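A.B. asks: return a 3D structure for these sequence lines:
(chains A, B, C and D)
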There are 4 protein chains.
Amino acid sequence: MTLLSLAQANLIADKALEKAESLDFQPQTVAVLDAGGHIKVIKRSDGASLLRPEIAFGKAWGVLGMGFGGRDLAKRAEQAPAFFTALNAISNGRMVPVAGGVLIKDAQNEIIGSVGVSGDTSDNDEICAVAGVVAAGLVADTGA
Amino acid sequence: MTLLSLAQANLIADKALEKAESLDFQPQTVAVLDAGGHIKVIKRSDGASLLRPEIAFGKAWGVLGMGFGGRDLAKRAEQAPAFFTALNAISNGRMVPVAGGVLIKDAQNEIIGSVGVSGDTSDNDEICAVAGVVAAGLVADTGA
Amino acid sequence: MTLLSLAQANLIADKALEKAESLDFQPQTVAVLDAGGHIKVIKRSDGASLLRPEIAFGKAWGVLGMGFGGRDLAKRAEQAPAFFTALNAISNGRMVPVAGGVLIKDAQNEIIGSVGVSGDTSDNDEICAVAGVVAAGLVADTGA
Amino acid sequence: MTLLSLAQANLIADKALEKAESLDFQPQTVAVLDAGGHIKVIKRSDGASLLRPEIAFGKAWGVLGMGFGGRDLAKRAEQAPAFFTALNAISNGRMVPVAGGVLIKDAQNEIIGSVGVSGDTSDNDEICAVAGVVAAGLVADTGA
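C.D. replies: Numbering: from 1, shown residues only, chains lettered A, B, ... in the order given. Sure, this is the predicted structure:
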C-alpha cells in the first residue's frame, strides 16, 4: 500500500486553495489526512471563519470513517437521520457528512487518505478538493 | 445465569465473518459483548473503514442498553427522535439504533450478551450477526 | 508498507493469550491495532475485569501515539509527569504509558501496528504481547 | 494589530521543518495558530507518530492560553501541578506545557499567533519553532 506523503498532501492543499482563488470562492480551509485518519496538512485561508478547520477535518475524517465519499454520505444522512446522529456521537463529533469530503485513492484504487474542504457551498468546496487530488496525480472519490 | 465465554464469543465473531465472506458482503466488523456490555471480542476485516469497530460496538451496546434488538430500536428511533438523541448523549455515544445489533440469549431465554455487525447494509449486517449466534448454539433476538 | 492483516492480528492475540495460560497468569485481555491506531482484534479472557479492554487498547494506542514502546513511555512518564498528564488529556484518555504496550514492526523495521496486553503485572503483560508478535513472525519493540 | 497571514504561517512551518531536516532531527510536526488560537497551518512529516498533531497544537495553544512561552509554562507546571491538571481540564485538553511552544510577536511586541513543534526532544523542537518564526521576520518568545 502506498503511503500519502507530506509532499503530496501539501500539493493537494495548495492546489485546492489555488482553485478556490481562481474561481473567486469564499476563503477556504483544507484538511488532508492519511489513511488512518490522522492530519498530514491543514491550511486555513486568511478571512476564513473559526470553525473551518474542524469542519474540513470532519469532512475528511467522515469519508474515511465510513468508506464513502461525502456526496454519498450526505444522501445517506438524509435517509437515515437517527443513524447519523449516532455516528456523530460515536465518532466524537468527527463526522461531517456533506459534499466536500473526498477519498484519495491510488492507481490500484486503494484508499490512501482523504481531503476535506470548507468555506464556500458544499458543491464549490468539492470542486476545490477534487482539483487538489487530481493535481497530485491521484484519484478523487466524491461519492457521486 | 450462563456467562458468555471467550470461546463462544470468538466462535460467534468467526462465523459472522465467514457468513459475510460466503455471501460476498462488504468487509465486516463484529463486536461481541457480555451481558454487562463489555467487550469479549472485536474483529475488523481487512479493508473495513475506520469507524466500523465503534459502529459495531454501538449496535451491540445499544441493544443491551435498552433490552430490545436493533430492528426494534431502529423503529423506535424513527418514532421518537428526540428520545434517541438523548440516549446518544446519556450513553456517551454508545447507542447505534439500527438493524445488525442482536441480543444473545441462552436456552432459558436469558440475555447473556449481544453482537453488533457493521460494514454492509443493515439487513446484511444482521444476517451475519444471526449466523454467528446460531452457529454457537445460542438464540438471536433481532427485535423483529 | 505492509498492512497488518486480520489473520495476523488474530494470531497475535491468540498466541498472547496462550502464553498467559501456559504461564498461569491472571486472565488477560489483548488489543491489536493497525498502524493508524484502529482496532483489528480485541479479546478479553473469561474472568478479566471490566476496564481491561480500554487499558489494553490504551497501551497499544499510546505506543503508536508517541512512537515509543511502553517500557520507554513508562520511563518518560516518570520523568515528565506534567507532560503525560497533558498527553492523557489531548489523546482523550487513549494513552496508558506502561509496559505491555508493544510496537509491531515488519522486516523493514517499519511500524505496522501495535499490541497491548492487560491483566497481570506489566512485566507479565509484556511477555504475552511479545510472544504474540514473535509467533506471527513480526518484530516486537517494547521500548526496552 | 497585524494579523498572521496564511503565507507567513506556511513559511514558519516550512522553515521549522527544514531546520529539523538540516539537523537530522526526528520527524517533526508543526502547528501554527493565529492570535485567536485557531489553526492556520499544520504539517506532519512522514514517519511522525499519531499524536504529534495534537501535541504540536497543544504546545501552540497552551502558550496563547496562558500568555507565556512553553519553557516558562513547563517551569510553572512543575511548581504547580494541581493547577496545570486543572488547566488541562478547563482547556479541554488543549494545553501541553513544554518547551517547543513559542509565542509569535510582531515588531510592536504584540502577540499575533503561536507555533508548536513536536517530534524530537523539547529542546530540539524549540530550535525548530524559533527558526521558523525568525525566518518569517517575526519575534519568537520561548518563555526563557
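A.B. asks: what sits against A:Asp34?
C.D. replies: Counting by CB atoms under 8 Å, 6 or more residues apart in numbering or on different chains, A:Asp34 touches A:Leu3, A:Leu4, A:Ala9, A:Lys40, A:Ile112, A:Gly113, C:Gly36. The way it works is simple: take the backbone N, C-alpha and C, and place the C-beta from them, glycine included.
A.B. asks: what subset of those is also close to chain D?
C.D. replies: Contacts with chain D within the contacts of A:Asp34, counted by CB under 8 Å from any CB of the partner chain: A:Leu3, A:Lys40, C:Gly36.
A.B. asks: now do the buried residues in stretch A:62-75.
C.D. replies: A:62-74 (16 or more other CB atoms under 10 Å in any protein chain shown).
A.B. asks: out of those residues, which is nearest to chain D?
C.D. replies: Proximity of the buried residues of stretch A:62-75 to chain D (CB to the nearest CB) peaks at A:Leu64, which lies at 14.0 Å.
A.B. asks: so that closest one touches B:Leu50, yeah?
C.D. replies: Yes - contact status for A:Leu64 versus B:Leu50: in contact at 5.1 Å, counting by CB atoms under 8 Å.
A.B. asks: identify the contacts common to these two.
C.D. replies: Taking CB under 8 Å, 6+ apart as the criterion, A:Leu64 and B:Leu50 both touch A:Gly37.
A.B. asks: can you list the residues of chain A near chain C?
C.D. replies: So chain A meets chain C at A:Met1, A:Thr2, A:Leu3, A:Asp34, A:Ala35, A:Gly36, A:Gly37, A:His38, A:Asn92 (CB under 8 Å from any CB).
A.B. asks: need the residues you listed in TSV (columns: pLDDT and secondary structure).
C.D. replies: Formatted as TSV, the residues of chain A next to chain C follow (pLDDT from 0 to 100; DSSP: H, G, I helix; E, B strand; the rest coil):
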residue	pLDDT	secondary structure
A:Met1	68	coil
A:Thr2	83	coil
A:Leu3	93	coil
A:Asp34	98	strand
A:Ala35	97	coil
A:Gly36	97	coil
A:Gly37	97	coil
A:His38	97	coil
A:Asn92	87	coil
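A.B. asks: mark which of those residues are buried, thanks.
C.D. replies: Of the residues of chain A next to chain C, these count as buried by 16+ other CB under 10 Å: A:Leu3, A:Asp34, A:Ala35, A:Gly36, A:Gly37, A:His38.
A.B. asks: ok, the third one touching A:Asp106?
C.D. replies: No - under the contact definition of CB under 8 Å, A:Ala35 does not touch A:Asp106, with a separation of 10.1 Å.
A.B. asks: need the residues touching each of those two.
C.D. replies: Contacts common to A:Ala35 and A:Asp106, judged by CB under 8 Å, 6+ apart, are A:Ile112.
A.B. asks: quick revisit: hmm, which two among the buried ones among the residues of chain A next to chain C are most spread apart?
C.D. replies: Farthest apart among these by CB to CB are A:Leu3 and A:Gly37. That separation is 13.7 Å.
A.B. asks: hey, what's in contact with both of the two?
C.D. replies: Common contact partners of A:Leu3 and A:Gly37 (CB under 8 Å, 6+ apart): none.
A.B. asks: and the helices in chain A?
C.D. replies: Using DSSP state H, the helices of chain A run over A:6-22, A:52-66, A:70-79, A:81-90, A:122-135.
A.B. asks: which of the ones you listed sits most buried?
C.D. replies: helix A:52-66 (a mean of 27; mean count of other CB atoms under 10 Å in any protein chain shown).
A.B. asks: what's the closest non-adjacent residue to A:Ala99?
C.D. replies: Leaving out its chain neighbours, the residue that sits closest to A:Ala99 by CB to CB, 6 or more residues apart in numbering or on different chains is A:Ser122, at 3.9 Å.
A.B. asks: residues contacting that neighbour?
C.D. replies: A:Gly70, A:Ala74, A:Val98, A:Ala99, A:Gly100.
A.B. asks: same check on A:Lys43?
C.D. replies: A:Lys43 touches A:Ala13, A:Asp14, A:Leu17, A:Thr29, A:Val30, D:Leu6, D:Asn10, D:Lys40, D:Val41, counting by CB under 8 Å, 6+ apart.
A.B. asks: how close does the second one get to chain B?
C.D. replies: Spelled out, that is A:Asp14. From A:Asp14 across to chain B, the span is 26 Å (CB to the nearest CB, to the nearest Å).
A.B. asks: quick one: contacts for that residue?
C.D. replies: A:Lys43, A:Gly132.
A.B. asks: quick one: pLDDT of it?
C.D. replies: With respect to pLDDT, A:Asp14 scores 98.
A.B. asks: what's the distance between the residue most central in space within chain A and chain C?
C.D. replies: Central residue of chain A (CA atoms, centre = their mean): A:Gly116, 1.8 Å from the mean position. For A:Gly116, the distance to chain C equals 17 Å [CB to the nearest CB].
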